[in-house]
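Colleague: quick one: sequence plus predicted model below, questions after.
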Amino acid sequence: MLNQEELEIFEEDLKHFLIANGVHSEEWEEMNKSNVEKAKDLVGLFSDVVLQKVYEKVKFIENRSKNACLVFKLNAEEVELISINSNSEEVSLETPESIHEALIKHADKLSFFKTEKKYSKNREEEIHQMLEQGCVNSSESFWIMLEKAIS
C-alpha cells in the first residue's frame with residue numbers, strides 16, 4: 001500500500017485511476033468520509049498497479065553484507081545470480097569500494113558463484129519478496145563488472 005507521501009506523488013495518476021473505475025472527484029471525497037474501507041480498497045488496488053509498473057522496469061537488484069554480495073539480473077523468464085563470498089573477517093563486501101578492493105587485493109579470499117533459475121512465482125511477486133528481504137536497486141554496469149571479474 002502506498003503511503004500518503006507516495007500517493008501525493010501519484011496524485012494525477014490516482015485521479016485517472018479513479019475516473020477509469022467510475023469514481024469522480026465528489027464521489028471520492030464522499031467515499032473518504034462515509035465508506036473509508038472502500039476508499040482504502042481502491043487505494044490498495046491503485047498501489048498494486050503502481051508497484052506492478054515499477055517492478056516491470058526493475059532489471060538488477062542486490063543484497064550486500066560484510067561477507068557476501070549477491071547481485072541479481074531479473075530477466076523475463078528467469079533470474080540470474082552472481083554471488084561473491086568472503087571467507088575472511090578482514091575482507092568486507094558491504095560497499096562498492098570494499099568490493100573493488102577485495103577483487104583487486106584479496107581475490108584469493110573470495111569465492112564466486114553464478115547461477116540462474118526460473119521464477120517460482122510471477123516475476124514481479126518475486127521481486128517484491130526480494131525487496132522486502134533487503135535487496136536494493138542495482139545497475140547493469142555493476143553486473144557487467146562482476147561478470148568480467150569472475151570469468
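Modeller: Received it, and whenever you're ready, just let me know what you need. Numbering: from 1, shown residues only.
Colleague: how's the chain carved up into domains?
Modeller: 4-57, 60-150 (automatic domain parsing).
Colleague: let me know which of these is tucked in deepest.
Modeller: Across those, averaging neighbours per residue (mean count of other C-beta atoms under 10 Å) puts domain 60-150 on top, at a mean of 15. Just so you know, the C-beta spots here come from the backbone N, C-alpha and C atoms, and that holds for glycine as well.
Colleague: pull the distance from that domain to the chain's centre.
Modeller: 13 Å (C-alpha atoms, centre = their mean, to the nearest Å).
Colleague: distance between the ends of that domain?
Modeller: Criterion C-alpha to C-alpha, to the nearest Å; first-to-last residue distance in domain 60-150 is 18 Å.
Colleague: what's the mean pLDDT across it?
Modeller: Taken as a whole, domain 60-150 has a mean pLDDT of 94.
Colleague: for the protein, which helix is longest?
Modeller: Longest helix of the chain, by residue count under DSSP state H: helix 36-57.
Colleague: average pLDDT for that helix?
Modeller: 93.
Colleague: packing partners of it?
Modeller: helix 11-20, helix 25-34, helix 123-132 (3 or more C-beta pairs under 8 Å, 6 or more residues apart in numbering; DSSP states H and E).
Colleague: mind checking which of those helices is nearest Ile84?
Modeller: Ranking the helices and strands packed on helix 36-57 by distance to Ile84, with C-beta to C-beta as the measure, places helix 123-132 first at 17.4 Å.
Colleague: tell me what the closest one is packed against?
Modeller: Checking 3+ C-beta pairs under 8 Å, 6+ apart, helix 123-132 ends up next to helix 36-57, strand 60-64, strand 68-74.
Colleague: can you lay out these as a markdown table showing distance to Glu6?
Modeller: Formatted as a markdown table, those follow (distance: least, C-beta to C-beta, whole Å):
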| stretch | distance to Glu6 |
| --- | --- |
| helix 36-57 | 8 |
| strand 60-64 | 19 |
| strand 68-74 | 22 |
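Colleague: looking at the ones you listed, which is closest to Glu116?
Modeller: So among the helices and strands packed on helix 123-132, strand 68-74 is nearest, using C-beta to C-beta, at 8.4 Å.
Colleague: give me the residues contacting that closest one.
Modeller: For strand 68-74, the external contacting residues (C-beta atoms under 8 Å, 6 or more residues apart in numbering) are 58-64, 79-86, 93, 99, 123, 127, 130, 135, 138, 142-143, 146.
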